[in-house]
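*Asks:* Whatever this is, show me its structure:
(one chain, ligands or ions: 2)
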Amino acid sequence: MKAAVCYEFGKPLVIEDVTLSEPGDMDVKVRLVATAICHSDIHDWKGELPGGLPFLGGHESAGYVEKVGQGITSVKVGDPVVVSLLASCGKCYYCANGLPHLCEHRFDPPPNPRVHNRKGQSLELKGNIGGFAEYTVVDESQVVKVPENMPLDRACLLACGVITGFGGVVNRAQVKPFQSVVVMGVGGVGINAIQGAAYVGAYPVIAVDMLDARLKMAMDMGATHTVNAGRKDAADVIKELTGGRGADFVFVTVGSIAAIKQGFSFTGLRGTVVLIGLPNYTEQYSFAPMDIIPTEKNIIGGFMGATNLKLDIPNLISLYQSGRLKLDELVTGRFPLDRINEAIASTEKGEGLRNVIMFK
Ligand SMILES: [Zn+2]
Ligand SMILES: [Zn+2]
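*Replies:* Ligands and ions are numbered 1, 2, ... in the order given. Okay, here's the model as predicted:
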């Protein structure tokens, strides 16, 4: 099969033929139709997240089940599915507690490497998927069947970007009606945090970004106010919009320590900063305990929108199909695999929201 392999951080991916092993008893082989490029892919490509070389990126995928292992009953050949990195065992403490996204085995690599190049080197598969290839073999827990009429170039967005933003608000932070929300960074994740905040009835929903085009998009997707942080002091605007208190929730989708510090300063008493964008894994954050004790502020992490795939993906598709979740607007460009380096360059520059690789 054709795949786009990273041999050197920051250098163009190499499109080449690779081999994929057959699915084991509890695995599902999927013929991919679409894989979106996420900002984490850019981090991986630049070497800003843990992992070695060579690797095969791509973790926001959708396609058709091509083959199933002997033990698979939840999907059958021909089913359209979303493929996510959220593997879960269904048996551990966290799975038993309804938190499969925290499964103790979520990052376990498959027992044997699944993809090899022509030289016989094994490729590390990001998200245990390696979605920048025509096919993938994943654990059964990583796939969710979607309705036949669900377009797969939009379904793939549900694998990561949409759930991280929307689920960050709804599942992780559990924002309630009339609580105030600030979303820092209106990219592929932030825009979905805005959609989630609007859906649960938060008010105000304040989008903070440096690009006017993104802020306009935020208004179209449910923000009630916007601040261009390049032109205005966001702290002043947020105070003014929250009765002088500061926000109840600040979602930091920008992966930078400066943004996290700033986000903390935007919160009011008992306010919560929710970190959902990934900074470079070597960066450190420090805080003064006295900034937290008398204020009762919280700093929490949100991983993949605390998503329970088998529950949340069908729910989000129902919202999309009833016009209450926007997905069509999130796709900026569609590219064949041969042009993936162009798509990556465009994503890196921050153009638009999601570029999607389309397979034949
Ligand atoms: Zn992602
Ligand atoms: Zn588990």
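
*Asks:* any idea where the strands of the stretch 201-350 of the chain begin and end?
*Replies:* Along the stretch 201-350 of the chain, the stretches classed as strands by DSSP state E, counting those that start in this stretch are 205-209, 225-228, 247-252, 267-275, 298-301, 331-336.

*Asks:* Would you mind giving these as TSV with mean neighbour count, distance to Ala87 and mean pLDDT added?
*Replies:* All C-beta atoms are positioned from the backbone trio N, CA, C, and that covers glycine. Formatted as TSV, the entries for those read as follows, by neighbours: other C-beta atoms under 10 Å; distance: least, C-beta to C-beta, whole Å; pLDDT from 0 to 100:
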stretch	mean neighbour count	distance to Ala87	mean pLDDT
strand 205-209	29	32	98
strand 225-228	20	37	98
strand 247-252	28	25	98
strand 267-275	20	22	98
strand 298-301	14	19	98
strand 331-336	16	26	96
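
*Asks:* between those strands, which one is nearest to Leu99?
*Replies:* For Leu99, the closest of the strands of the stretch 201-350 of the chain is strand 298-301, at 13.1 Å, according to C-beta to C-beta.

*Asks:* Near the residue of the stretch 101-250 of the chain found nearest ligand 1, how many other residues are there?
*Replies:* Minimum separation of the stretch 101-250 of the chain from ligand 1 (C-beta to the ion) falls at Cys160, amounting to 3.3 Å. Taking other C-beta atoms under 10 Å as the neighbour definition, Cys160 ends up with a count of 29.

*Asks:* Please name the nearest non-neighbouring residue to it.
*Replies:* Spatial nearest neighbour of Cys160, excluding adjacent residues (C-beta to C-beta, 6 or more residues apart in numbering): Glu60 at 4.4 Å.

*Asks:* do you know how far Tyr94 is from ligand 2?
*Replies:* Taking C-beta to the ion, to the nearest Å as the measure, Tyr94 falls 6 Å from ligand 2.

*Asks:* wait, I meant Glu66
*Replies:* Summarising the geometry, the distance separating Glu66 from ligand 2, computed by C-beta to the ion, is 26 Å.

*Asks:* Now for that residue: which residues touch it?
*Replies:* In this structure, Glu66 makes contact with Lys29, Val30, Arg31, Val77, Tyr135, judged by C-beta atoms under 8 Å, 6 or more residues apart in numbering.

*Asks:* For Leu86, which three-state class applies?
*Replies:* coil (DSSP: H, G, I helix; E, B strand; the rest coil).

*Asks:* Could you report the neighbour count for it?
*Replies:* Residues within reach of Leu86, counting by other C-beta under 10 Å, total 28.

*Asks:* Offset the numbering so it begins at 84, please.
*Replies:* Renumbered: residue one is now 84, and that last one reads Leu169.

*Asks:* How confident was the prediction at it?
*Replies:* pLDDT, Leu169: 98.

*Asks:* Pretty sure it sits against Val227.
*Replies:* No - with contact defined as C-beta atoms under 8 Å, Leu169 and Val227 do not form a contacting pair (9.5 Å).

*Asks:* Give the intersection of the neighbour lists for the two.
*Replies:* Common neighbours of Leu169 and Val227, using C-beta under 8 Å, 6+ apart, are Leu392.

*Asks:* circling back: tell me if I'm right that the residue of the stretch 184-333 of the chain closest to ligand 1 and His184 touch.
*Replies:* No - assessed by C-beta under 8 Å, Cys243 is found out of contact with His184, at 11.6 Å.

*Asks:* what's the overlap in contacts for those two?
*Replies:* Any residue near both Cys243 and His184 by C-beta under 8 Å, 6+ apart counts here, and that gives Met387.

*Asks:* Residues contacting the longest helix seen in the chain from elsewhere in the structure, which ones?
*Replies:* Assignment by DSSP state H gives helix 392-404 as the longest helix of the chain. By C-beta under 8 Å, 6+ apart, the residues outside helix 392-404 that reach it are 165, 167, 169, 171, 183, 224-225, 227, 229-230, 233, 237-238, 241, 245-246, 249-250, 254, 282, 388, 390, 408-410.

*Asks:* Over to stretch 320-329?
*Replies:* Among residues not part of stretch 320-329, those counted as contacts by C-beta under 8 Å, 6+ apart are 263, 265, 287, 289, 291, 308, 310, 330-331, 349-352, 354.

*Asks:* how about 7 Å then?
*Replies:* Ser263, Val265, Pro287, Ile289, His308, Val310, Ala330, Phe349, Thr350, Gly351, Leu352, Gly354 (C-beta atoms under 7 Å, 6 or more residues apart in numbering).

*Asks:* Just name the closest of those residues to Pro137, please.
*Replies:* The shortest separation between Pro137 and any of those is 39.8 Å, and it belongs to Val265 (by C-beta to C-beta).

*Asks:* and that closest one, what does it touch?
*Replies:* With contact taken as C-beta under 7 Å, 6+ apart, Val265 is in contact with Ile289, Val291, Ile321, Ala330, Val333, Phe349.
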